[in-house]
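**Q** Whatever this is, show me its structure:
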Amino acid sequence: MNPGRTDEPLALYIHWPFCISKCPYCDFNSHVRDSVDQVAWQQALLADLAHEATLTADRPLSSIFFGGGTPSLMPPETAAALIAAAERHWGFTPDIEITLEANPSSVEAARFADLATAGVNRVSLGLQALDNNALRFLGRAHDVDEALAALDTAQRNFARVTFDLIYARPGQSEADWEAELARALSFGTGHLSLYQLTIEPGTRFETMVRRHEFTPADPDHAATLFEMTQAMTNTAGLPAYEISNHARPGEESRHNLTYWRYGDYAGIGPGAHGRRAATATLRHRKPENWMDAINRNGHGLKAEDALSPSDRATEALLMGLRLREGVDLDRISGMTGIARTNLVDSDAITRLSALGFLTVDDARLSVTLSGMLLLDAILPEIVTATGA
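**A** Residues are numbered from 1 along each chain as shown. Alright, predicted model coming up:
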């Protein structure tokens with residue numbers, strides 16, 4: 001058994017931690033900066049990248065993803081330098097996907113042409129809503145007109161564009177979401193990320209619910225909106241390939257598929273996670289600590305933890321069962337050394353399959369559309385991965 005699967009391509013995640021304004025979702029609010037020493041940061045990111053490359057030699061990159069705070073405000077010359085260094089260290093697979101996250105603002109859109117010249121070929125825009133009242137509720141700084149102008153600029157500069165929307169918002173009716181999603185589909189992007197609003201512990205939304213400032217969508221109503229979403233995206237030729245992600249065939253996010261299919265990925269920059277050769281990596285989270293580590297050690301690593309076979313199997317199952325294609329239990333067994341019969345609870349699978357929530361085809365296990373509505377409840381029922 002080769003736990004590192006070193007014959008497979010690698011993905012690269014580059015975290016840019018700085019924001020230009022406080023974001024209600026961002027854990028990096030302390031990273032708002034009026035100015036950044038761009039030369040020092042470029043050199044530090046290149047050093048972190050070079051160190052990771054020495055540990056993952058002979059594995060070409062299939063994707064690069066610039067994420068984090070406001071990566072679209074990274075200087076295009078820094079993006080170009082990182083892309084060139086990545087190609088030099090690893091080499092690229094044909095048609096490599098190089099994605100950059102961006103807020104749909106006029107400030108960031110003004111950089112799109114230069115970022116495309118730097119080598120970025122896909123952009124992910126955080127539109128989040130096509131309604132100004134909803135954008136204010138979600139805490140976004142842009143309005144719909146500015147967002148759509150940024151989307152137009154993105155489509156003129158990048159071969160592939162995706163954007164996200166959040167639905168099941170307070171007071172959002174079926175007719176409201178039907179009209180908003182139809183408008184989103186009319187823009188012709190090859191990919192959409194469509195997330196239901198969730199109330200996570202410790203977030204601003206949880207505080208608002210506790211204060212009775214709004215009432216979350218009723219679960220039955222949210223389920224109806226989910227089913228409507230599947231029907232409309234299927235009709236438009238962008239079926240779901242993951243619980244919240246929809247794409248034309250061939251337009252799926254190759255980078256995210258690496259995560260969901262439990263492939264290896266290198267993560268550089270403050271707070272970046274990675275997976276390589278059965279090891280979980282973590283960079284220092286605070287930018288100053290990460291930079292100190294770069295100056296001291298030549299890399300920003302905070303921890304490298306060996307993953308047990310059961311940990312790896314559990315991660316692979318939890319990630320892979322989000323996909324419409326499901327998981328290949330024989331592959332996970334071969335990867336971890338855990339017998340296929342010990343990966344999952346066969347009795348639970350039989351019961352949930354009879355209810356129409358799962359399908360089993362030899363070694364392939366997948367969650368049905370109706371099962372996706374209950375995914376958070378189903379996963380603990382079936383995932384065991386305890387015996388070797």
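**Q** Please count neighbours and contacts with C-alpha atoms only from this point.
**A** Noted.
**Q** which one's the longest strand in the chain?
**A** strand 92-102 (DSSP state E).
**Q** next structured bit after that strand?
**A** Remark: after strand 92-102, the chain's next helix or strand is helix 106-109, criterion DSSP states H and E.
**Q** one step back: buried sites along the longest strand of the chain?
**A** Phe92, Ile96, Glu97, Ile98, Thr99, Leu100, Glu101, Ala102 (16 or more other CA atoms under 10 Å).
**Q** OK, contacts around the first one?
**A** The one in question is Phe92. Contacts here follow CA atoms under 8 Å, 6 or more residues apart in numbering; on that basis Phe92 touches Pro60, Leu61, Ser62.
**Q** So what's the residue count around the nearest residue to Gly119 once chain neighbours are set aside?
**A** Of all residues not flanking Gly119 in the chain, Ala80 sits nearest, at 6.3 Å (CA to CA, 6 or more residues apart in numbering). By the criterion of other CA atoms under 10 Å, Ala80 has 18 neighbours.
**Q** where does Ala80 land in three-state SS?
**A** At Ala80 the chain is in helix, as set by DSSP: H, G, I helix; E, B strand; the rest coil.
**Q** Tell me the confidence at it?
**A** Note for Ala80: predicted pLDDT of 98.
**Q** wouldn't it be in contact with Asn121 here?
**A** No. Look at Ala80 against Asn121 with CA atoms under 8 Å: they stay out of range, at 11.9 Å.
**Q** Unless I'm misreading it, Gly300 sits right up against Glu288, doesn't it?
**A** No. Gly300 lies out of contact with Glu288 (CA under 8 Å); the separation is 10.4 Å.
**Q** out of the two, which sits in the busier spot?
**A** Comparing Gly300 with Glu288 by other CA under 10 Å, the one with more neighbours is Gly300, at 31 against 12.
**Q** Tell me who's in contact with that one.
**A** Asp48, Ile268, Gly269, Pro270, Arg283, His284, Trp290, Met291, Ala293, Ile294.
**Q** how about a cut-off of 10 Å?
**A** 44-45, 47-49, 51-52, 268-272, 282-285, 287, 289-294 (CA atoms under 10 Å, 6 or more residues apart in numbering).
**Q** Got the phi and psi for it?
**A** phi -100, psi 20 (degrees, to the nearest 10).
**Q** what's the answer for Asn245, then?
**A** Here Asn245 shows phi and psi, under degrees, to the nearest 10, equal to phi -120, psi 140.
**Q** Quick one: residues contacting it.
**A** So Asn245 contacts 162, 164, 191-195, 238-239, 252-253, 256, 322-323 (CA under 10 Å, 6+ apart).
**Q** Now do the same for it: its pLDDT.
**A** 98.
**Q** what bridges to it?
**A** Under DSSP bridges, the beta-bridge partners of Asn245 are Ser193, Glu242.
**Q** same check, this time on His273
**A** Under the criterion used (DSSP bridges), His273 bridges to Leu282.
**Q** What strand or helix carries the residue nearest to the spatial centre of the chain?
**A** In the chain, the C-alpha nearest the mean C-alpha coordinate belongs to Asn256, at 5.5 Å (CA atoms, centre = their mean). Per DSSP H and E: Asn256 is located in helix 254-260.
**Q** right, and the helix or strand after that helix?
**A** strand 265-268.
**Q** Give me the packing partners of that next one, helices and strands only.
**A** Applying 3 or more CA pairs under 10 Å, 6 or more residues apart in numbering; DSSP states H and E, one finds that strand 265-268 contacts strand 10-16, helix 38-54, strand 61-68, helix 254-260, strand 273-276, strand 279-283.
**Q** List the buried residues in the helix or strand of the chain with the lowest mean pLDDT.
**A** When the helices and strands of the chain are scored by mean pLDDT, DSSP states H and E, helix 204-210 comes last with a mean of 83. Neighbour-count burial for helix 204-210 flags Phe205, Glu206 (criterion: 16+ other CA under 10 Å).
**Q** Report all helices and strands that it contacts.
**A** Applying 3+ CA pairs under 10 Å, 6+ apart, one finds that helix 204-210 contacts helix 132-138.
**Q** what's the angle between the very next helix or strand once past the helix it packs on and strand 92-102?
**A** Per DSSP H and E, the first helix or strand lying C-terminal to helix 132-138 is helix 144-157. For helix 144-157 against strand 92-102, the angle between stretch directions is 160 degrees (axes from the mean of the first three to the mean of the last three CA atoms, to 10 degrees).
**Q** ok so, going back, could I have the buried ones of the contacts of Gly300 as ChimeraX selection syntax?
**A** Only the buried entries of these go into this ChimeraX selection, using 16+ other CA under 10 Å:
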select :44,45,47,48,49,51,52,268,269,270,271,272,282,283,284,285,287,290,291,292,293,294
